[in-house]
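Q: Sharing a model that was predicted from the sequence below.
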Amino acid sequence: MADSPIAVEHHNPALKHHFANMEQQREASSLGMWLFLATEIMFFGGMFCAYLIYRYWYFPDFAAASKSLDITLGAVNTAVLICSSLTVVMAVRAAQLGKRQEQVVYLALTLVLGLAFLGIKGVEWTSKFKEHHIPGPTFNFEGSVPGHPDQPVDQHHAQLFFSLYFAMTGMHALHMIIGVGIFSYLLYHAWKGKYTPEYHTPLENSGLYWHFVDIVWIYLFPLLYLIDRKK
Amino acid sequence: MATAALTAERENYLNQEYGIKSWLLTVDHKRIALLYLLSITFFFFIGGFFALLIRLELLTPAGDLVQADTYNKLFTMHGQVMVFFFLIPSIPAVLGNFLVPLMIGAKDLAFPRINLLSWYLYIIAGVLMLHCMLTGGVDTGWTFYTPFSTAFSNTKVIEAGLAIFISGFSSILTGLNFVVTIHRMRAPGMTWNRLPLFIWAHYATSIIQLLGTPVIAVTLVLVVLERALHLGIFDPTRGGDPLLFQHLFWFYSHPAVYIMILPAMGVVTEIVPCFARKRIFGYQFVAMSSIGIAVLGFLVWAHHMFVAGISLYAALIFSALSYLVAVPSAIKVFNWTATMYKGSITFSTPMLYAFGFVGLFTMGGLTGLFLAALGIDVHVTDTYFVIAHFHYIMVGGAVMGYLGGMHFWWPKISGRMYPESLGRLAALIVFLGFNLTFFPQFILGYLGMPRRYWQYPPEFQVLNVLSTAGSTILAVGYLLPMVYFLWSMRYGKVAPDNPWGASGLEWMTPSPPPTFNFDAPPVVDWEAYDYEHIPAPQEARSGG
């Protein structure tokens, strides 16, 4: 169907009736996704704002609570997510070059990495559950403030840390799950050969979304895991 | 359906397809606008019903019609329904949806299916809200203040919170659609400086919807989580801070006022030049003042918290910033006035609403300056002065603008003319009823009557009786247009393409427009509001 560029411009089946051409349609979708990401920044921003205020007020307790998080699993997960962003870019590139096989491989890799992240996150949450670090009636945090072995951690403040920890990583994981859904859809359609060098906007825009979710984690990791680790 | 009378006419968006499915699955922005029109009208009358019950209770000083608990629920649900289910979607989702593509010469919004999704989200939220109201309701006030909402209230906070959370996404999607459409879908020759100012107003509104609404969404998530799981984020007994909630809440809910008023300003900016037969005075100032209001609107939220315990320095800064909002607002008022100066004015129904808007918005705006002043605010915080002030903006401003716009574009939407003399009468009734309802509340508030109480000392009764009397007049003024709009769909005169001799692309296509808006893609080579060169209004034909 792509024998002449003019024919593609006017008869591409992916062109919706209300757009004049593919260029306009692509630019509209792309702007729409960037605006959506702006709303996402504001959404996470509310929680970051709450986190920063309580971290400033209750720093010693937050540092103690933060130390109970598994830094190895957190770091591994960071690496996993960065790799998944790379595979997304490679998948988009493959689509631009019209390499269907590579596209499918990279999308599948992205899915595997995304699921690996969720799996590791699940392991971390399970251990928090066992340690009674889940906010609620059974919450209990043993330990002392870093550098002051005689000063026990304030239960309420530690619970605030974990409330925000679960709210933020939970909301992030929800975005990851949605992302896994989107990429399963993309994988299926890439397999069917839907994304061509002329039309791969869904791939590009979903990629933007994936990078955004990745970036949120890049902020979450130091904020939640790396508080005052030197003591 | 009443639209069947139009079948003799050429094909348009109303008669191209029939049946319930052709409406519920439509992706045509004009049909979605009508779906929104029906749904928000429904919620307007529910919210109005609560308002009338409130006014009836306040007819006498004693708490005789309802108990205190019921009264708390009445004003809460009045506020939530009117703010989230009527005012915020009102002009953008109905008139904006209908007009944005028409005004810029596009076939549709950039994302028609997302537009339909936004209506479905609104309906899901609305059904949830109705269920919440029918099974007990909420009593936190529309503001959901913590820790009352999270730890003490025994009413359905979670359900109401989720309903508003979902309706927020409907609002975000509308805003997102508008921004992309305005950027990417303009007809050839439709430059930024040729856009109708209605479009600029909606652009500014959409920015607030995009950047503000997610913050209330996450705030409500935290409230719901805290109430369900007892996290303690907003609970002062466990290290949390209720002020944090107020900051997050007002970060959206103050700009939300501009989501309500900016589109109404856009409507008035279309009406005034048309019925003064003059080009708008200071096009770029009016356009930029919309953007200015949107930007400044994000920097003033803490003026709702002057007595809540924020630091004096923060209060001083927020007070000063709040004064700044008066500048772009005043620019608009002066420019509308200057547009009318030496114009040849017709006192038709939309223009009467525009006059009403300018006067009442000015009153609301000036009393807003009283409230932005720290000293006076401490005196009148949580009194009827505040109630009167924001009703002058939201009802005197936003609803007047909405009604004016509905009359102005009704011939385009329905293809029929409404009865002009009844229209003028209704506009007059609304104006008088409104002032009688809310002006006494300024005095009541200044004398010290607090808001949100179901009883009051007997010396306040005269003013309260005036207010209640006004509210019944206002109700008549609101019912009248609904009746004659419905009547006109069958019996009204058939509207010509351009009944007002107005500028703008929407008047250069048939009334009602065809499904894809224009018979041929328009090309724009003229400036906006070029009233020196616009032909006189076309006569309406009588139809059967």
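A: Right, received. Where do you want to start? Numbers count the residues shown, from 1 in each chain, chains lettered A, B, ... in the order given.
Q: Residue A:78 versus residue B:185, what's the distance?
A: 40 Å (Cβ to Cβ, to the nearest Å). For every residue, glycine as well, the C-beta is placed using N, CA and C.
Q: Skipping its backbone neighbours, what lies nearest residue 108 in space?
A: You didn't pick a chain, so chain A it is. Spatial nearest neighbour of residue A:108, excluding adjacent residues (Cβ to Cβ, 6 or more residues apart in numbering or on different chains): residue A:187 at 6.1 Å.
Q: Hmm, no, I was thinking of chain B.
A: Residue B:108's closest residue in space is residue A:18 (Cβ to Cβ, 6+ apart), at 4.1 Å.
Q: check contacts around the one you found.
A: B:106-108, B:110, B:112, B:185, B:516 (Cβ atoms under 8 Å, 6 or more residues apart in numbering or on different chains).
Q: And for residue B:417?
A: B:410-411, B:488, B:492-495, B:499, B:540.
Q: for residue B:186, same thing?
A: So residue B:186 contacts B:104-106, B:195 (Cβ under 8 Å, 6+ apart).
Q: Among these, which ones lie close to chain A?
A: residue B:106 (Cβ under 8 Å from any Cβ of the partner chain).
Q: Most neighbours among the contacts of residue B:186, which one?
A: Each of those was scored by neighbours using other Cβ atoms under 10 Å in any protein chain shown; the highest score is residue B:106's, at 27 neighbours.
Q: how close does that one get to residue B:542?
A: Distance, residue B:106 to residue B:542, by Cβ to Cβ: 33 Å.
Q: which secondary structure elements does the helix or strand containing residue A:74 contact?
A: For residue A:74, the enclosing helix or strand under DSSP states H and E is helix A:71-97. Helix A:71-97 makes packing contacts with helix A:100-130, helix A:201-225 when contacts are defined by 3 or more Cβ pairs under 8 Å, 6 or more residues apart in numbering or on different chains; DSSP states H and E.
Q: any idea of the angle the longest one forms with helix A:201-225?
A: Compare the direction of helix A:100-130 with that of helix A:201-225 by axes from the mean of the first three to the mean of the last three Cα atoms, to 10 degrees and you get 30 degrees.
Q: Beyond helix A:100-130, next helix or strand please.
A: strand A:144-145.
Q: So which other helices or strands are in contact with that next one?
A: So strand A:144-145, by 3+ Cβ pairs under 8 Å, 6+ apart, packs with helix A:59-67, strand A:148-152.
Q: list the buried ones in the next helix or strand after the last one?
A: Pointing back at strand A:148-152 there. Moving toward the C-terminus from strand A:148-152, the next helix or strand (DSSP H and E) is helix A:155-191. The neighbour-count check on helix A:155-191 (16 or more other Cβ atoms under 10 Å in any protein chain shown) flags A:156-169, A:171-173, A:175-176, A:179-180, A:182-183, A:186-187, A:190 as buried.
Q: residue ranges with poor pLDDT in chain B?
A: B:1-9, B:543-544 (pLDDT under 70).
Q: Show me what from the stretch 51-200 of chain B comes close to chain A.
A: Within reach of chain A by Cβ under 8 Å from any Cβ, the stretch 51-200 of chain B has these residues: B:106-108, B:110-112, B:114, B:172, B:176-177, B:179-181, B:183-185.
Q: any idea how far the residue nearest to residue B:108 is from residue B:181?
A: Separation of residue A:18 from residue B:181 (Cβ to Cβ): 10 Å.
Q: ditto for residue B:101
A: From residue B:101 to residue B:181 the distance is 6 Å (Cβ to Cβ).
Q: now do residue B:89
A: 17 Å.
Q: want to try TSV for the helices and strands packed on helix A:71-97, with distance to residue B:153 and mean neighbour count as columns?
A: Shown next, in TSV, are those (distance: least, Cβ to Cβ, whole Å; neighbours: other Cβ atoms under 10 Å in any protein chain shown):
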stretch	distance to residue B:153	mean neighbour count
helix A:100-130	30	17
helix A:201-225	32	19
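Q: Turn those helices into JSON lines, columns for mean pLDDT.
A: What follows is the helices and strands packed on helix A:71-97, written out as JSON lines (pLDDT from 0 to 100):
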{"stretch": "helix A:100-130", "mean pLDDT": "96"}
{"stretch": "helix A:201-225", "mean pLDDT": "97"}
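Q: Looking at those, which is nearest to residue A:54?
A: helix A:201-225 (11.6 Å; Cβ to Cβ).
Q: and that closest one with helix A:71-97, angle?
A: Going by the same axes, to 10 degrees, helix A:201-225 makes 160 degrees with helix A:71-97.
Q: Okay, now the unreliable bits of chain A?
A: Regions of chain A meeting the criterion pLDDT under 70 cover residues A:1-11, A:231.
Q: where does it come near chain B, residue by residue?
A: A:16-20, A:24, A:27-28, A:31-32, A:35-36, A:38-40, A:42-47, A:49-50, A:53-54, A:57-58, A:135-137, A:154, A:156-157, A:159-160, A:163-164, A:167, A:171.
Q: Just the CA atoms of stretch B:358-367, as CSV, please.
A: C-alpha atoms of stretch B:358-367 as CSV (Å, rounded to 0.1, in the frame of the first residue of the first chain):
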residue,chain,number,x,y,z
VAL,B,358,-20.6,43.2,33.6
GLY,B,359,-22.5,44.8,36.5
LEU,B,360,-22.7,41.8,38.7
PHE,B,361,-19.2,40.6,38.0
THR,B,362,-17.9,44.0,38.9
MET,B,363,-19.7,43.9,42.2
GLY,B,364,-18.4,40.4,42.9
GLY,B,365,-14.9,41.4,41.9
LEU,B,366,-14.8,44.5,44.1
THR,B,367,-16.1,42.7,47.1
